[in-house]
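Q: I need the structure of the sequence given here:
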Amino acid sequence: MSSLPGAGPELLVALDLDGTTIRHDTSLSPRVADAIHAHLAVGSRVVIATGRGIDAMMLVADQLRLPDGVAICANGAITLSREAGVAEPGIYPGARLLDYTTFNPAAEIDIIRTHVPEALLAVEPARGPRRLSAPFPDGELVGHSVITPAAKLAGDDATRLTVRAPSLSAQELQDRIDGLGLDGVEYAVGWTAWLDISPYGVSKASALEKLRQEFSLPTSNVLAVGDGENDIEMLGWAGTGISMGDASPKVHGSADAQTAPVDEDGLAIVLERLL
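A: Numbering: from 1, shown residues only. Okay, the predicted model is just below:
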């Protein structure tokens with residue numbers, strides 16, 4: 001971290017949410033919140049970079065009491081501006097789309113339905129409700145969803161296809177999809193049996209790179225902190241990538257260093273060092 005500038009306008013901080021900024025039970029450490037607000041107070045460019053959709057991200061932004069700003073959702077497929085009072089049709093109140101990338105996941109849906117037939121599927125468009133093959137476990141999805149016949153799940157408006165297999169472990173789901181030929185997309189399994197499939201070439205890193213250029217900052221001025229496989233590209237791209245202490249060896253391998261686990265305020269430890 002010695003190569004990073006101190007807290008202030010010359011520092012871009014990219015933060016994953018689940019397992020990094022908030023605990024896995026979605027609770028927030030006051031120490032983490034204080035560290036984030038200390039950076040905001042001196043002008044650090046703090047950007048949420050999450051796999052969550054817009055609705056779920058906005059709930060955490062509210063929990064953090066974040067001011068207006070830019071956020072990246074759906075693993076890089078959506079970049080939005082949080083603006084109090086904005087009401088854009090089909091979008092969570094207070095959010096305005098800046099950029100998004102879509103794809104048609106019809107082929108991936110067919111593959112998953114064939115090889116993981118018990119899986120629940122969700123297709124998330126940039127605007128409007130997500131389409132579900134069946135209800136997800138209680139509390140796992142935020143925002144409006146509609147149950148949709150399998151033949152109508154796919155569409156050219158998808159920013160993300162989510163595969164959820166409650167009866168499997170994360171490793172069992174990984175084993176089932178390995179070698180299935182999910183080419184032409186990006187995908188990562190989470191810490192539960194939750195698989196996100198995104199448009200090819202789209203990641204948190206690709207969306208953050210566009211923001212970095214807009215901010216006219218060198219990559220060496222970027223700090224990224226994350227814990228999941230969907231953070232690997234971001235951690236490798238950033239000038240300094242920090243993995244959370246309870247991340248997998250694969251995630252640690254993409255980072256420059258690691259901090260304490262989320263339950264031990266690992267993110268706060270990192271941010272406080274730059275203040």
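
Q: Would you point out the helix or strand in this protein whose mean pLDDT is lowest?
A: strand 185-189 (a mean of 78; mean pLDDT, DSSP states H and E).

Q: With just CA atoms, put that strand into CSV.
A: Provided in CSV are the C-alpha atoms of strand 185-189 (Å, rounded to 0.1, in the frame of the first residue of the first chain):
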residue,chain,number,x,y,z
VAL,A,185,-19.8,-15.2,-20.9
GLU,A,186,-18.2,-14.4,-17.6
TYR,A,187,-19.2,-16.5,-14.6
ALA,A,188,-18.3,-16.9,-10.9
VAL,A,189,-19.7,-19.0,-8.1
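
Q: Outside of stretch 76-91 itself, list whatever touches it.
A: Identification of contacts with stretch 76-91 by CB atoms under 8 Å, 6 or more residues apart in numbering yields 49, 53-54, 58, 61, 66, 68-73, 93-102, 126-128, 159-160, 198-199, 202-208, 210-211. Quick note: C-beta positions are derived from backbone N, CA and C, even for glycine.

Q: Narrow these to those in strands?
A: Per DSSP state E, strands hold the following members of the contacts of stretch 76-91: 49, 69-73, 95-100, 159-160, 198-199.

Q: Identify, from those residues, the entry nearest to Leu40.
A: Ranked by distance to Leu40 (CB to CB), those are led by Gly69 at 8.4 Å.

Q: List of residues touching stretch 121-141?
A: So stretch 121-141 is in contact with 53, 56, 74, 77-78, 89-91, 97, 100, 102, 105, 109, 112-113, 120, 143-148, 150, 152-155, 157-164, 166, going by CB under 8 Å, 6+ apart.

Q: Show me what the spatially closest residue to Leu208 that is not a sequence neighbour is bridged to.
A: Residue nearest to Leu208 in three dimensions, not counting chain neighbours: Ala14, with 5.4 Å by CB to CB, 6 or more residues apart in numbering. Ala14 has the following beta-bridge partners by DSSP bridges: Val47, Ala224.

Q: okay, now Ala14: neighbour count?
A: Counted with other CB atoms under 10 Å, residues neighbouring Ala14 total 27.

Q: My understanding was that it contacts Ala49; is that so?
A: Yes - applying CB atoms under 8 Å, one finds Ala14 in contact with Ala49, separated by 4.7 Å.

Q: What about Gly155, how many residues nearby?
A: Each residue near Gly155 was counted by other CB under 10 Å, and the total is 15.

Q: swap in the one 10 residues further on?
A: When neighbours are counted by other CB under 10 Å, Ala165 registers 22.

Q: Then Arg273?
A: As a burial measure, Arg273 scores 14 neighbours (other CB under 10 Å).

Q: Phi and psi next, for Ala41.
A: Backbone torsions for Ala41, taken as degrees, to the nearest 10, come to phi -60, psi -30.

Q: per-residue confidence at it?
A: Looking at Ala41, its pLDDT reads 98.

Q: list the helices and strands the least confident helix or strand of the chain packs on?
A: helix 170-177, strand 194-199 (3 or more CB pairs under 8 Å, 6 or more residues apart in numbering; DSSP states H and E).

Q: let's see it at 10 Å
A: Packing partners of strand 185-189 (3 or more CB pairs under 10 Å, 6 or more residues apart in numbering; DSSP states H and E): helix 106-115, strand 158-164, helix 170-177, strand 194-199, helix 232-237.

Q: Neighbouring strands - and their directions - for it?
A: strand 194-199 (antiparallel).

Q: among the contacts of stretch 121-141, which ones are buried?
A: Using 16 or more other CB atoms under 10 Å as the burial test, these include 53, 56, 74, 77-78, 91, 97, 100, 102, 105, 109, 112-113, 120, 145, 148, 153-154, 157-164 as buried.

Q: ok, Glu186 - how many residues close by?
A: Neighbourhood size, Glu186 [other CB under 10 Å]: 21.

Q: now it, which residues is it bridged with?
A: According to DSSP bridges, the partner residues bridging Glu186 are Ser198.

Q: Pop out the phi and psi values for Asp34.
A: For Asp34, the backbone dihedrals (degrees, to the nearest 10) come out as phi -60, psi -40.

Q: so it makes contact with Glu272?
A: Yes - contact criterion CB atoms under 10 Å: Asp34 and Glu272 qualify, at 9.0 Å.

Q: Now do the same contact list for Ser248.
A: Taking CB atoms under 10 Å, 6 or more residues apart in numbering, we find Ser248 in contact with 170, 191, 227-229, 232.
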